[in-house]
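Undergrad: sequence plus the predicted model coming up.
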Amino acid sequence: MRNRPIAKLIKWFVNREKGKVVDARSEIQRRFAYLDWNDQKKILLAFLFSGKADRKWAYNELRLFSKHYNYEISSYIRIH
């Protein structure tokens, strides 16, 4: 999984590809801090619309960022 593009991992996670969700989740969480803003936003949205454990992980990541970052995410979620 470590050589897979992040877009493919997000796709597997969102589409719930059989047998790949757990691996995609752990790899996404491992790489999250090193990704650019656009990929982080896609990941956070995917995790916020997922199960309880995934939402808790996303909430924790949101708490770690500045107020500006939280504002952008919350305004984006309200629109969609």
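TA: Sure thing, it's come through.
Undergrad: residues contacting E61?
TA: 32, 44 (CB atoms under 8 Å, 6 or more residues apart in numbering). The C-beta positions use only the backbone N, C-alpha and C, and glycine is treated the same way.
Undergrad: gap between it and I6?
TA: 15 Å (CB to CB, to the nearest Å).
Undergrad: now A58
TA: 16 Å.
Undergrad: what about the closest residue to L48 other than its chain neighbours, how many residues nearby?
TA: Distances taken as CB to CB, 6 or more residues apart in numbering place A58 nearest to L48, at 4.9 Å, with adjacent residues excluded. The number of residues packed near A58 is 21, by other CB atoms under 10 Å.
Undergrad: A58 contacts G51, correct?
TA: No - assessed by CB atoms under 8 Å, A58 is found out of contact with G51, at 10.8 Å.
Undergrad: common neighbours of these two, please.
TA: Contacts common to A58 and G51, judged by CB under 8 Å, 6+ apart, are absent.
Undergrad: can you give me the strands for this protein?
TA: Shown for the chain, no strands are assigned by DSSP state E.
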